[in-house]
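Colleague: sequence and predicted structure are below.
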Amino acid sequence: MLPEHVINADDITAINSSPDETAPSERMPALSSSCSFKPFGLEDSTEEHFRSRDDEKRFYGAYGHIREKMDYSYHSHYQKQRQWLHDSIMDDILNSASPAELQCEPWAILVVCAPGTESMSSMAELLRKNHLPFPSMVTIDTDEIRQYLPEYAFFLRESPDLADTRTEKECDYIAETLMLAALQSGRNVLFMTRRIDISSCKQKIHCLRTSSLSLKVGLIHVIPSLAIVADGTLTDLERTSDVRKGPTDFVEQSKSDVDYYCSIIKDSDGLQPTEEIRQQFATIFGQQRSVEVPNIQRLASGDNTVCPKRHRLFSVLRSSEENHQSDDRLFYGRFAHIRATLDYSYHRNYTFERQMLQDAIISEFLDATYFTDKHGDKCTTPTEPWVVFTAGAMGSGKSYTMRHLVNRGLFPLLAFVRVDPDELRRYLPEFHLYIQQSPEDAGTLTRKEAGLISEILTLAALQEGKNVLVDGSLRDAPWYEEYFEKLRGTYPHVRLAIIHVSAPREMVLARASKRAHSTGRIVPEELLLAAIDEVPKSVKKLAPLVNYHVELENADEIRIVDPPDETWDSFQATWAQ
């Protein structure tokens, strides 16, 4: 049995020790050790920066089975959090495409755009003028995909000439995964490219050929008219022999590998397919769909939304909420029913792909619990779940204290869904850019979105009858008084608890400084001092409203200071369910 009131200081490691220093069975939900917040520099490609350093390749999400079969002699394997971002991008593009199911085999058409032919406008024109009479089409353009990456805006700001090359490999990986996902769902794919890596494009054709026996592959080469070449429209870069030679070489090497090939001239009036090519398109690409989709003919109607720029560029000067807000009230995914109940006089709704990313983060925390009852038997949910609130100023060592309670077997963390806004915001793909741009503002610029994710995660856990551990300060006593009352009214079987972690003022300031140096996130000293003074007062008001309250002092040793008669044995017994 442990000594009364004390955890020995000899067992205490550094406050910012890696999550990997604890045994896997005791580990708190945390970022993968491969996901660092090292500064993102101009010398880094996104592929290199977010490449997984784990020896074992792990694949996550709805497209994990596709990623598993990719060619990793060419591509890199990405960190879990980056795979979530990829999934949200692909979901958004697939969701915006017409979902008709086909009665015949799908087509994968690679449209190779020579310099000066503007890939996005060429793609739009092919669809808008009904040159390609497909009832179902997913358009894939790496130029569009890279606009979803928050780092792309960083490159455009710091060194525009590097923006494309530093994101090229990752965009290529996303595009290839998206192409295979669309084909597996029975839809045609129009894949646009103008920066030609011949080995990469040849690999795409091979990948398509081996992915499905019923697939057909087409190749369309869009080339500028002599007038465009002569009138000075091309940039100096586009006029270089290497840039112009790449697409031509690829097309010449690939003609024999596809089921259909043609070239189309583009002049100042747009694409100019010959009458013969028009007839070929109508004969070869004419398809029937097995499920009628309303308004599918918009692809041929001149609708300017056929190939929209779906995603505006990320800015570190805007909050993550402002960067990803949506003006509609449409809710998607696993937690749509919870999103519909939130207070949108305070929150803002998010775009489809951002909701998908948030769902992945929420599911990661929600599905990580492992509950055993007081007899040691594994259970799905407890009969009287706990909602435990940790309280304390930043630097008091809440996470550190909880980790050591877990390691000593005093608190069953694996039985709890952990809701920690500071941890959740670290999963946001642009958080490292906020840290790099302005460490003092990183928390503020992600506060609203981290709060929304926390709110959804808490409600999802409660609705599933799980224990919840909410990390915070509990500074705002009036708000929590109302919140506790709502919890008891909505979930009458829930028990509430407060674990208040305190520490001497000088230790709080020193730890906060150390944490700022380690993570890059700086909390102004005046806010820390205010929290040190206000949190104890708030906890004193809230303590009578909960089923259990304890104060732990985290100084040279961790000890119970209130209630005076509480012991580690009685503390441990509190959580038996």
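Modeller: Looks like it arrived, so ask away.
Colleague: any weak-confidence spans in the stretch 251-400 of the chain?
Modeller: 287-311, 371-380 (pLDDT under 70).
Colleague: all helices for it, in order.
Modeller: 275-285, 320-324, 336-339, 352-366, 398-407 (DSSP state H, counting those that start in this stretch).
Colleague: the helix or strand just after the last one packs against which elements?
Modeller: In this case it means helix 398-407. Note on helix 398-407: by DSSP states H and E, the next helix or strand toward the C-terminus is strand 416-419. Identification of packing neighbours for strand 416-419 by 3 or more C-beta pairs under 8 Å, 6 or more residues apart in numbering; DSSP states H and E yields helix 352-366, helix 442-463, strand 467-471. Quick note: C-beta positions are derived from backbone N, CA and C, even for glycine.
Colleague: of all the ones you listed, which lies closest to Ala114?
Modeller: Nearest to Ala114, of all those, is helix 352-366, at 31.0 Å by C-beta to C-beta.
Colleague: what residues does that closest one touch?
Modeller: Among residues not part of helix 352-366, those counted as contacts by C-beta atoms under 8 Å, 6 or more residues apart in numbering are 29, 61, 84-85, 87-89, 91-92, 95-96, 148, 311, 324, 326, 330-335, 339, 350, 417-419, 424, 427, 429, 449, 452-453, 456-457, 460-461, 464, 466.
Colleague: between helix 442-463 and that helix, find me the angle.
Modeller: With axes from the mean of the first three to the mean of the last three C-alpha atoms, to 10 degrees applied, the angle from helix 352-366 to helix 442-463 works out at 60 degrees.
Colleague: which residues touch the closest residue to Asn554 other than its chain neighbours?
Modeller: Once flanking residues are discounted, Asn554 sits nearest to Gly397: 4.2 Å by C-beta to C-beta, 6 or more residues apart in numbering. Listed by C-beta under 8 Å, 6+ apart, the contact set of Gly397 reads 15, 501, 503, 511, 554.
Colleague: what does the domain assignment say about this structure?
Modeller: Per the record, the chain has its domains at 6-29+377-574, 103-136+186-287, by automatic domain parsing.
Colleague: need those in JSON lines (columns: distance to Arg157).
Modeller: Formatted as JSON lines, the domains of the chain follow (distance: least, C-beta to C-beta, whole Å):
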{"stretch": "domain 6-29+377-574", "distance to Arg157": "10"}
{"stretch": "domain 103-136+186-287", "distance to Arg157": "20"}
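Colleague: what helix or strand is Arg515 on?
Modeller: With DSSP H and E as the criterion, Arg515 is inside helix 505-519.
Colleague: report the angle between that helix and helix 398-407.
Modeller: 90 degrees.
Colleague: right, and Trp575 touches Pro385 too?
Modeller: No. Using C-beta atoms under 8 Å, Trp575 is not in contact with Pro385, being 11.1 Å away.
Colleague: comparing these two, which shows the higher neighbour count?
Modeller: Taking other C-beta atoms under 10 Å, Trp575 and Pro385 do not tie; Pro385 has more neighbours (23 against 20).
Colleague: run through the residues that contact the more buried one.
Modeller: Taking C-beta under 8 Å, 6+ apart, we find Pro385 in contact with 462, 465-468, 491, 493-495, 577.
Colleague: with Pro504 instead?
Modeller: Counting by C-beta under 8 Å, 6+ apart, Pro504 has contacts Ala555.
Colleague: and if you look at Tyr434?
Modeller: Applying C-beta under 8 Å, 6+ apart, we find Tyr434 in contact with 316, 320, 441-442, 445-446.
Colleague: burial of Ser254, as a residue count?
Modeller: 20.
Colleague: out of the contacts of helix 352-366, which end up buried?
Modeller: 29, 61, 84-85, 87-89, 91-92, 148, 311, 324, 331-333, 335, 339, 350, 417-419, 424, 427, 429, 449, 452-453, 456-457, 460-461, 466 (16 or more other C-beta atoms under 10 Å).
Colleague: returning to what we had before: return the member of the domains of the chain having the minimum mean pLDDT.
Modeller: Among these, domain 103-136+186-287 has the lowest mean pLDDT, at a mean of 74.
Colleague: how about Val417, nearest residue that isn't a chain neighbour?
Modeller: Leaving aside its chain neighbours, Val417 sits nearest to Ala461 (4.0 Å; criterion: C-beta to C-beta, 6+ apart).
Colleague: now that neighbour: how far from Pro382?
Modeller: Distance, Ala461 to Pro382, by C-beta to C-beta, to the nearest Å: 12 Å.
Colleague: any shared contact partners between these two?
Modeller: With C-beta under 8 Å, 6+ apart as the test, Ala461 and Pro382 both reach Asn467.
Colleague: before we move on, back to that, in a markdown table: the helices and strands packed on strand 416-419, plus distance to Val546.
Modeller: Formatted as a markdown table, the helices and strands packed on strand 416-419 follow (distance: least, C-beta to C-beta, whole Å):
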| stretch | distance to Val546 |
| --- | --- |
| helix 352-366 | 23 |
| helix 442-463 | 16 |
| strand 467-471 | 12 |
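Colleague: out of those, nearest to Phe411?
Modeller: Closest approach to Phe411 among the helices and strands packed on strand 416-419 is made by strand 467-471 (8.8 Å; C-beta to C-beta).
Colleague: after that closest one comes which helix or strand?
Modeller: Next along from strand 467-471, by DSSP H and E: helix 477-490.
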